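[1] based on what follows, work out the 3D shape:
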Amino acid sequence: MTRPTLSGLLRRAGDERYAVPAFNIVDDLTMSAVLTTAARRGSPVIVQASTRTAEFYGPRQLRAMFVARRAASGASAVLHLDHCRVPELVLDCARAGWESALFDGSDRDYREAVAVTSTVVEACAAYSMEVEGEFERISSVGEDPATGTASTRRCAEFVETTGVACFSPDLGTQHGMHSDDPVLRFELAAELAALVPVVLHGGSGLSRESLRRAISAGVSKVNFSSVIKAAYVDGVREFAARGGTEPLELAGQLRDRIGEVCDLCITDVGSEGAAREGGSGERRVDLRL
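    Got it, this is the predicted structure:
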């Protein structure tokens, strides 16, 4: 089987108008739930680890866990480092065999973000790692949302100068769990999708209608993190409240619960069946509700 790449998964998603779901995992249990659900639904998937998760387990240990789980499940998946501002950690993951990483330059001024991102892209290419780029900070739920967004011209300049494989603009979402749909910048997504695969951060809590409008506009990767963490923590609390004492019983329930969340997200982004052989010529995605 050919090893999947981030750009390969996203290009096909853009061509066929679905998005690849990107789930943030925190341990082997969440990774297993993501990969087995993706395999069962025939969906490509991006397994994401935060900087904190990568540092907790170590890039090589997390990579070994992923390779074993991917082989066991048969899922079409890549391992991706999410929101990393430290070039050295990105390179550690590249050396360990990770397929991709988001180098987040949003804590730097624009010129520095371009320069450092370009250096990271060039260094990672030696290890066949692809880089997602971001230079404009995406806020979190509870904070004041961004008052403006970089122009399409500035975003295009960043993409063309740095050579990133995909790009994360501020499309109006926030990190965290949305209780209501924000006003999304569909026109910006459409303009950028003509240049590079576009990533939507903060997918947790968005309605299916908003997600599918974003995909129709050209978004080909949607990140889901808070919804996975909420399912995990709520499951632990409910198990404890019922007086549960068997760890393996808890693990099984959490795996099922997180798998159900992944199921819903896969349906929302329209990726079911996209990873199955021969699907490209036979598959038709109806993005209408």
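
[2] okay, now the closest residue to His175 other than its chain neighbours: neighbour count?
    Spatial nearest neighbour of His175, excluding adjacent residues (CB to CB, 6 or more residues apart in numbering): Ser140 at 4.4 Å. Using the backbone N, CA and C atoms, a C-beta is placed for each residue, glycine as well. Each residue near Ser140 was counted by other CB atoms under 10 Å, and the total is 12.

[3] from Gly202, how far off is Ser140?
    Going from Ser140 to Gly202 by CB to CB, to the nearest Å gives 8 Å.

[4] same thing with Gly42?
    26 Å.

[5] swap in Arg63?
    Arg63 is 26 Å from Gly202, by CB to CB.

[6] looking at these two, which is more packed in?
    Per other CB under 10 Å, whichever of Arg63 and Gly202 has more neighbours is Gly202, with 24 against 20.

[7] for the more buried one, phi and psi?
    Gly202 adopts backbone torsions of phi 70, psi 50, taken as degrees, to the nearest 10.

[8] Leu102 too?
    phi -90, psi 110.

[9] so it touches Phe135, yeah?
    No. Leu102 is beyond contact range of Phe135, at 11.5 Å (criterion: CB atoms under 8 Å).

[10] who has more neighbours out of those two?
    Phe135 (28 against 25).

[11] list the residues that contact that one.
    Gly105, Ser106, Arg108, Tyr110, Ala113, Val114, Thr117, Ala150, Phe158 (CB atoms under 8 Å, 6 or more residues apart in numbering).

[12] pLDDT-wise, what's the bottom of those?
    When the contacts of Phe135 are compared by pLDDT, Ala150 scores lowest at 80.

[13] that residue and Pro169 touch, don't they?
    Yes. Contact criterion CB under 8 Å: Ala150 and Pro169 qualify, at 7.1 Å.

[14] show me where this protein has helices.
    Using DSSP state H, the helices of the chain run over 6-16, 28-41, 51-57, 59-73, 87-95, 110-125, 152-162, 186-193, 208-217, 226-241, 247-269, 279-282.

[15] determine which of those approaches Asp144 most closely.
    helix 226-241 (18.5 Å; CB to CB).

[16] nearest spatial neighbour of Ser225, skipping sequence neighbours?
    Asn24 (3.7 Å).

[17] my guess is Arg185 contacts Thr173. True?
    No. Between Arg185 and Thr173 there is no contact under CB under 8 Å: 9.4 Å.

[18] which of the two has more neighbours?
    Just comparing Arg185 and Thr173: by other CB under 10 Å the higher neighbour count belongs to Thr173, 27 against 19.

[19] not counting sequence-adjacent ones, nearest residue to that one?
    Nearest one to Thr173, counting by CB to CB, 6+ apart, is Gly202 at 3.5 Å.

[20] any idea how far the nearest residue to Thr152 once chain neighbours are set aside lies from Pro87?
    Excluding the flanking residues, the one nearest Thr152 by CB to CB, 6+ apart is Glu191, at 4.6 Å. Distance of Glu191 to Pro87, given as CB to CB: 29 Å.

[21] okay, these two: which has more neighbours?
    Glu191 (19 against 16).

[22] pLDDT score assigned to that one?
    Note on Glu191: pLDDT of 96.

[23] next one: the one 4 residues further on
    According to the prediction, Leu195 has pLDDT 96.

[24] that one and Ala156, how far apart?
    Leu195 sits 6 Å away from Ala156, going by CB to CB.

[25] same thing with Ala39?
    Ala39 is 36 Å from Ala156, where distance means CB to CB.

[26] where does the stretch 151-289 of the chain dip in pLDDT?
    Scanning the stretch 151-289 of the chain for pLDDT under 70 picks out the ranges 277-289.

[27] contact partners of stretch 256-268?
    By CB under 8 Å, 6+ apart, stretch 256-268 touches 21, 23, 29-30, 33-34, 36-38, 41, 43, 203, 208, 211-212, 222, 224, 227-228, 231-232, 235, 272.

[28] just the buried residues from these, in PyMOL please.
    Typed into PyMOL, the line below selects the buried ones among the contacts of stretch 256-268, using 16 or more other CB atoms under 10 Å:
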select buried, resi 21+23+29+30+33+34+36+37+38+41+43+203+211+212+222+224+227+228+231+232+235+272
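
[29] returning to what we had before: what do Ala150 and Pro169 both touch?
    Among the neighbours of Ala150, those also in contact with Pro169 (CB under 8 Å, 6+ apart) are Glu136.
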